[in-house]
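Asker: My questions concern the predicted model and sequence given below.
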2 protein chains.
Amino acid sequence: MDMPIRTADEVELDRLNSALGFLMRLAQLKIYERFFEEVGEHNLKPGEFSVLWVILHNPGIRQSVLGQRLMIKRAHMTKLIRALEDQNLVSRKVPDGDRRAVEITLTPEAVTRVEQASQWFFTYEDSVGANLTGDERQQLTALLRKFVGLG
Amino acid sequence: MDMPIRTADEVELDRLNSALGFLMRLAQLKIYERFFEEVGEHNLKPGEFSVLWVILHNPGIRQSVLGQRLMIKRAHMTKLIRALEDQNLVSRKVPDGDRRAVEITLTPEAVTRVEQASQWFFTYEDSVGANLTGDERQQLTALLRKFVGLG
DNA sequence: CAAAATTTGTTTACAAAGAAACAATCTCCC
DNA sequence: GGGAGATTGTTTCTTTGTAAACAAATTTTG
């Protein structure tokens, strides 16, 4: 009657089972964990890749806009960009129109690197929903896109 | 032709738009952000609540099992539990059968507190998908549940 | 136009979370 | 029974990210 719980599968979650925030956190952690199993440290980290990818597709984007879109706080963005600059992957330029702002572009080296990295990144992203059917995967991304207000 | 990007909405994401990991991260951050807007610091943080909720429904659960289910690493779990213990919300007991393990239960005080907190927590969790229809919300949770391997 | 308020990025101090090394205990297998 | 190896929790160190205060530039408004 009072048998102790031995494995994670036996844990009673009750209503937490349908809590969006809870499920989302679990899902994200699972993705992240798998990422390092499959991809390893071989290349750019997912966060770095996303930042560089967005700069690649929006050359001269401002730090603040990048942060808003990627939901990265200004304070943190400063550090990320500086780290990328130290690796000679991005260059910063203060535009004439607004001397508070900083416009970011990729160095030629980074363009190559990101295009290369995009191969394994998106391959991984596709494989990540392997326990879903193709339809389910598509539904899931569509729902998430709507949920976060994209497209 | 070379118009600079001024708002986050104009940012070109290209294939990142259907990357599960990316969307999931955005979704989780959005939930977390809204949480503090709506609920404020009033009560337990979402993480604390989840931990306490699971202990409530699985009294005597072991730290390791709790961590596995909630995807919290052992090192971090130690700190969480100690913090909860300092607030007199949980008690730890080393079972006779295995003197390495620690079994966690809620204090009577915590039981009340969690039951109370569950009201706003789940109310919030329900309101969080407000820009989705009821059907979509249900689909989303079902897909997430399948994705993370629950149920 | 000038003072007030806002935006942008940075710095500093701190909180959340993980990695690796460790000690104690337990399990397995000879 | 007794070592080899695995589990469990803790500690220490590092990484990642946030919050708050700040400086400089810009916009708003009286």
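Answerer: Arrived safely.
Asker: From A:R74, how far out is the residue in chain A positioned nearest to DNA strand C?
Answerer: Proximity of chain A to DNA strand C (CB to the nearest atom of the strand) peaks at A:S64, 2.7 Å away. Backbone N, C-alpha and C define where each C-beta goes, glycine included. Separation of A:S64 from A:R74 (CB to CB, to the nearest Å): 7 Å.
Asker: Check A:E109 too.
Answerer: 26 Å.
Asker: returning to that earlier point: higher neighbour count, A:S64 and A:R74?
Answerer: For A:S64 versus A:R74, neighbours defined as other CB atoms under 10 Å in any protein chain shown are more numerous around A:S64 (14 against 10).
Asker: Correct me if wrong: A:I5 contacts B:S64.
Answerer: No. Assessed by CB atoms under 8 Å, A:I5 is found out of contact with B:S64, at 10.5 Å.
Asker: Could you count how many residues lie near A:K93?
Answerer: Neighbours of A:K93 using other CB under 10 Å come to 11.
Asker: my bad, should have said A:R6
Answerer: 10.
Asker: ok, now A:T133?
Answerer: Count around A:T133 with other CB under 10 Å applied: 10.
Asker: And A:Y124, how close does it get to B:N17?
Answerer: If you measure A:Y124 against B:N17 using CB to CB, the figure is 16 Å.
Asker: So for these two, which residue has more residues nearby?
Answerer: The neighbour comparison of A:Y124 against B:N17 (other CB under 10 Å) goes to A:Y124, with 18 against 13.
Asker: right, and the more buried one touches A:E38 too?
Answerer: Yes. The criterion here is CB under 8 Å, and A:Y124 meets it with A:E38 at 6.0 Å.
Asker: just to revisit the earlier point, overlap in contacts of A:I5 and B:S64?
Answerer: Counting by CB atoms under 8 Å, 6 or more residues apart in numbering or on different chains, no residue touches both A:I5 and B:S64.
Asker: just to confirm, which helix or strand has the closest residue to A:L140 other than its chain neighbours in it?
Answerer: Of all residues not flanking A:L140 in the chain, B:L143 sits nearest, at 4.6 Å (CB to CB, 6 or more residues apart in numbering or on different chains). Secondary structure assignment for B:L143, by DSSP states H and E: helix B:134-148.
Asker: distance between that helix and the chain's centre?
Answerer: Distance of helix B:134-148 from its chain centroid, counting by CA atoms, centre = their mean, to the nearest Å, is 16 Å.
Asker: cool, and stretch A:127-134?
Answerer: 18 Å.
Asker: Pull out the buried residues from it.
Answerer: Using 16 or more other CB atoms under 10 Å in any protein chain shown as the test for burial, stretch A:127-134 gives A:128-129, A:132.
Asker: Cheers, nothing more for now.
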